[in-house]
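> sequence and predicted model, in that order:
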Protein chains: 2
Amino acid sequence: MPRIHFHQQLAELKDKLLAMAALSQQALESAVEAYIRRDAGICQYVRENETAINAAQREVDEMAYELLAKEQPMAIDLRFILAVIKINGDLERIGDQAMSIAIRTRELIDEQPFDLPVDIAGMGDYAARMIRSSIQALLEGDCHVAESVRDMDDEIDRMNRVAHIDLIHVIQQRPEVAHLALHAILVSRNLERIADHATNIATDVIFWIRGADVRHQLSAVVD
Amino acid sequence: MPRIHFHQQLAELKDKLLAMAALSQQALESAVEAYIRRDAGICQYVRENETAINAAQREVDEMAYELLAKEQPMAIDLRFILAVIKINGDLERIGDQAMSIAIRTRELIDEQPFDLPVDIAGMGDYAARMIRSSIQALLEGDCHVAESVRDMDDEIDRMNRVAHIDLIHVIQQRPEVAHLALHAILVSRNLERIADHATNIATDVIFWIRGADVRHQLSAVVD
């Protein structure tokens, strides 16, 4: 009977983490939309959403700590709770990166638009897909899906590098729009960082399922 | 008798974390030195050091998991072990940021030097001091020291903002050195992120000692 209760609590913990993931995902999508549409209202929304993310993060952490303290779980359940704590941290950092995009976008919103050689919408979609798949891997306990997220990371690194080179070129050719190009470089990096967090989540899912430490098998060059 | 053994293991865990902290601290200091002295050898050293950091991180995590699984610690010991897992993650990310500085510095090492309006050495010292103090707070279980680290974060945020503005100005005035100025902007941001991780460590120390969740009392604007 107490074990049944414990597994209900684990399921509840998973639900709380999913709510947290939804908020982070929404923060990313809104921040990219704010950038693309130059919309001050959406920037503001992302900033307010941050409060909800912080509250959700605290709730997940508190429940995880309580389960560790009261239930003293073993083996796979212990690893699951530790994975939840780590994933929760990555989701919160995704929210941070989204807020960083929104804050900087807000500062430049009144500037004359200029068409820059960078596909922020495409990078945003790609990063969002990585988060979604990493959470799906968690839900289904599926290592293959988690591995696929890790494989996706190379592509967004490549997109970020290409954007960086193309935008430096703009800065050198058109100094008068240097601040806009720099903004785009930083947003591109924020999205690449978000993808890194999705990769971390996928790695934690694998850790949970396999119990192996796979974190440094791919010695990813980080930024 | 088993409790004495447990407390010996906790002390050992703390020692392992200190070794990890020393490696991260060294990575930061070396990366800044590589940037200042334009030294390819030090860049390479930082990259190799990363392997040692990853090994140290894994060791700390494994020992922490083992203690959680076998000893089922309660209350303050449980919070300590959870704080160690989080601090370990922040130290690893400090190493990541240092490596990012070293990799980008290596790419630009053969360029003609140009005197830029940014005090990378000063920012590096400041960030290193924050890491040192946060680790000191952990060692001595001292909340006041931890609070002082949190207070220090504002100053490095300010340094980063000023550097950003001054360097954008250079980019606009001297497009031919735009790539060097952009590099300095990114290094300045790496250092500011490192300071954020030191702040996270200080927050985890407070969490361990007080058991309170202080993470979002200061709603720091990130990145």
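Yep, that arrived. Residues are numbered from 1 along each chain as shown, chains lettered A, B, ... in the order given.

> in space, not sequence, find me the middle residue of chain A.
Taking Cα atoms, centre = their mean as the criterion, A:Ile94 is the residue nearest the geometric centre of chain A, at 3.5 Å.

> show me the shaky parts of chain A.
Along chain A, the model assigns pLDDT under 70 to residues A:1-3, A:212-223.

> which residue is the nearest non-sequential neighbour of A:Thr204?
Residue A:204: Asp, not Thr. Leaving out its chain neighbours, the residue that sits closest to A:Asp204 by Cβ to Cβ, 6 or more residues apart in numbering or on different chains is A:Ala83, at 4.4 Å. For the C-beta atoms, the positions are set from N, CA and C on the backbone; glycine is no exception.

> which secondary structure element contains A:Ser188?
In this assignment (DSSP states H and E), A:Ser188 forms part of helix A:178-210.

> ignore the last one, A:Ile109
Assigned by DSSP H and E, A:Ile109 falls within no helix or strand.

> where does A:Val118 fall, phi/psi-wise?
A:Val118 has phi and psi values of phi -150, psi 140 when expressed as degrees, to the nearest 10.

> now do the buried residues in the longest helix anywhere in chain A.
Ranked by residue count, the top helix of chain A under DSSP state H comes out as helix A:2-37. With burial defined by 16 or more other Cβ atoms under 10 Å in any protein chain shown, the residues of helix A:2-37 counted as buried are A:9-10, A:13, A:16-17, A:20-21, A:23-35.

> for whatever helix or strand comes next after it, enumerate the helices and strands it packs against.
Under the assignment DSSP H and E, the closest C-terminal helix or strand after helix A:2-37 is helix A:40-71. Helices and strands in packing contact with helix A:40-71 are listed as helix A:2-37, helix A:75-107, helix B:75-107; criterion 3 or more Cβ pairs under 8 Å, 6 or more residues apart in numbering or on different chains; DSSP states H and E.

> A:Gly124 reaches A:Gln25, doesn't it?
No: because the distance of 11.0 Å does not satisfy Cβ atoms under 8 Å, A:Gly124 is recorded as not touching A:Gln25.

> need the contact list for A:Pro175.
B:171-173, B:175, B:178 (Cβ atoms under 8 Å, 6 or more residues apart in numbering or on different chains).

> 10 Å - rerun?
When contacts are counted by Cβ atoms under 10 Å, 6 or more residues apart in numbering or on different chains, A:Pro175 touches A:181, B:168, B:171-176, B:178.

> only whichever of those are buried, select them in PyMOL.
A single PyMOL command is used to select the members of those judged buried by 16+ other Cβ under 10 Å:
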select buried, (chain A and resi 181) or (chain B and resi 168+171+172+175+178)
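
> output the contacts of A:Pro175 as a markdown table; include the columns distance to A:Arg158 and secondary structure.
Converted to a markdown table, these look like this (distance: Cβ to Cβ, whole Å; DSSP: H, G, I helix; E, B strand; the rest coil):
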| residue | distance to A:Arg158 | secondary structure |
| --- | --- | --- |
| A:Ala181 | 19 | helix |
| B:Ile168 | 27 | helix |
| B:Ile171 | 25 | helix |
| B:Gln172 | 29 | helix |
| B:Gln173 | 32 | helix |
| B:Arg174 | 30 | coil |
| B:Pro175 | 26 | helix |
| B:Glu176 | 27 | helix |
| B:Ala178 | 22 | helix |
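
> closest to B:His197 among the contacts of A:Pro175?
Nearest to B:His197 out of those is B:Ile168 (Cβ to Cβ; 25.5 Å).

> in contact with the closest one, which residues?
With contacts defined as Cβ under 10 Å, 6+ apart, the neighbours of B:Ile168 are A:171, A:175, A:178-179, A:182-183, B:178, B:181-182, B:185.

> recalculate using a threshold of 6 Å.
With contacts defined as Cβ atoms under 6 Å, 6 or more residues apart in numbering or on different chains, the neighbours of B:Ile168 are A:His179.

> what about it, distance to B:Gln97?
Distance of B:Ile168 to B:Gln97, computed by Cβ to Cβ, to the nearest Å: 22 Å.
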